[in-house]
Structure formats: structure tokens, C-alpha cells
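Asker: Structure, please.
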Amino acid sequence: MFAKIEVNGANAADLYKWLKSQQPNDDGSEDIGWNFTKFLVNKDGQVVKRFNPQVTPEDVGARLGGLL
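Answerer: Okay, the predicted model is just below:
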């Protein structure tokens, strides 16, 4: 759980491959450009939204009502 993993490239962890394929960046690319990119997954396992690193956890919380 605390081991370093890759999130981009050929050796990306399967979880991140799936998350990125479900919610690419606004420009259509899938790569994670920086730490702290966040993905919101609903209770049914669907990726609802991808948030860039500048979005704070508080901002995510404030947006939850309109996303789920």
C-alpha cells in the first residue's frame, strides 16, 4: 500500500490506467502531469470526475452535491 508505483507509461499501475482512461484531461490526454491529481469514483465504481492538482480537497467536497 505504501510502495511507490508508476502512474504513467508502459509500467503504470492497472488502477491508474483505468482511472485515466475513464476521465482523461480536458485536452484529451490521459497522462497525469503532476502529483495530487484526484479522481472521484461513485459508489457504483464509475469515475465521475478528474480534478487537477490545484483543486483542494475542500473544493472537491464543495462540488460533491452537483456531481453525484
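Asker: measure the most centrally placed residue in the chain to Lys20 for me?
Answerer: The centre of the chain sits closest to Phe39, judged by CA atoms, centre = their mean, with a distance of 2.9 Å. Using CB to CB, to the nearest Å, we find Phe39 at a distance of 9 Å from Lys20. From N, CA and C alone the C-beta is placed, and that goes for glycine too.
Asker: in this protein, which spans are helices?
Answerer: 14-22, 57-67 (DSSP state H).
Asker: Pretty sure Lys38 sits against Glu58.
Answerer: No. Between Lys38 and Glu58 there is no contact under CB atoms under 8 Å: 11.8 Å.
Asker: quick one, which of the two is more surrounded?
Answerer: Per other CB atoms under 10 Å, whichever of Lys38 and Glu58 has more neighbours is Lys38, with 15 against 8.
Asker: can you tell me how far that one sits from Val55?
Answerer: Relative to Val55, Lys38 is positioned 7 Å away (CB to CB).
Asker: Same check on Leu15?
Answerer: Distance, Leu15 to Val55, by CB to CB: 20 Å.
Asker: what's the answer for Val47, then?
Answerer: For Val47, the distance to Val55 equals 15 Å [CB to CB].
Asker: picking that back up, out of Leu15 and Val55, which sits in the busier spot?
Answerer: Higher neighbour count among Leu15 and Val55: Val55, with 15 against 11, using other CB under 10 Å.
Asker: per-residue pLDDT, that one?
Answerer: On pLDDT, Val55 comes in at 92.
Asker: No more questions from me, cheers.
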